[in-house]
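A.B. asks: Build the 3D model from these lines:
(one chain, ligands or ions: 1)
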Amino acid sequence: MKNKVIFISGANSGIGKACAEKFAENGAKLILCSRNIEKLIKVADNINKKYGTEILTYQLDVGDREKVSRVISDLPKNWQKIALLVNNAGGALGLEKFQDGDMDDWDEMIDSNIKGLLYLSRHIVPLMIRNGKGHIINIGSIAGNAAYPNGAVYCGVKAAVRLISDGLRMDTVDTPLRVTNIQPGLVETNFSVVRFHGNEERAKKVYQGLKPLTAEDIADIVFFSASLPEHVQICELTVTPSSQASATVVHREL
Ligand code: 8X3
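C.D. replies: Numbers count the residues shown, from 1 in each chain. Modelled structure (predicted):
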């Protein structure tokens, strides 16, 4: 990873932040973006102090097509050789029956999880093809494999991530690019606090009675996938805590 340029979206917290740490620790250069620039700058400063990492930070809503285009086309020349794009920005909003769903939540999930991934990848994939190498790692979800009650839109959005990953892998099969979809189950980050619009009590219950995955566990897997020899492509990887068998089958010791 020494001096390789790694682009991570949603890098201000959770899995994105843990990935930034992991790649910095291993000598990479980072392009980090998130909507919350204050938090992102703190993350970047911290990483820079610890590892001396060169980092570019951008305030970016990945669902903003114009801004994504501007950020990528304005990258300094020596930062355009992006070795790895981690499409991490996104997440869930709401957990209720479809007929009670909040359409603002739906729009935001579609914008960040799907459109953001598309816009960033559409700009960065051609750069990678020109450079003759590159890897796109999408953070999907176990929710993309099968729907669960009250999760129609989030599950649909992550199913889209899975199929977009598959399609992109097909369209770049004659290039050296690799495309990986990582599908985590229960990972304790601020994911559920965001999903429940700040209700920490309700969020805590999601992980009660089991040992959930951590953001660092996922960052280790992202790093592992990225550091395999270039002819080795992990297409899809589903990872759960050992007490979770599917999105709906979870063993809790309460
Ligand atoms: C997060 C996993 O099971 O809450 O994407 O949908 S789940």
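A.B. asks: now the residue of the chain found nearest the ligand, nearest residue through space, not along the chain?
C.D. replies: Ranked by Cβ to the nearest ligand atom, the top residue of the chain for proximity to the ligand is Ser141, at 3.1 Å. Heads up, the C-betas are built off the backbone N, CA and C, glycines and all. Of all residues not flanking Ser141 in the chain, Lys158 sits nearest, at 4.1 Å (Cβ to Cβ, 6 or more residues apart in numbering).
A.B. asks: OK, contacts around the residue of the chain closest to the ligand?
C.D. replies: Residues counted as contacts of Ser141 (Cβ atoms under 8 Å, 6 or more residues apart in numbering) are 154, 158, 161, 183-185.
A.B. asks: let's see 10 Å
C.D. replies: 90-92, 113, 151, 154-155, 157-159, 161-162, 181-185, 187, 191, 238, 247 (Cβ atoms under 10 Å, 6 or more residues apart in numbering).
A.B. asks: Among these, name the ones in strands.
C.D. replies: Among those, the residues falling in strands (DSSP state E) are 181-184, 238.
A.B. asks: so which two of those residues are the farthest from each other?
C.D. replies: When Cβ to Cβ is used, the two most widely separated members of the ones in strands among the contacts of Ser141 are Asn181 and Pro184, lying 10.8 Å apart.
A.B. asks: Can you name the residues bridging to the residue nearest to Asn3 when sequence neighbours are not counted?
C.D. replies: What sits nearest to Asn3 in space, not counting adjacent residues and going by Cβ to Cβ, 6+ apart, is Lys29, at 6.0 Å. On the basis of DSSP bridges, Lys29 is bridged to Val5.
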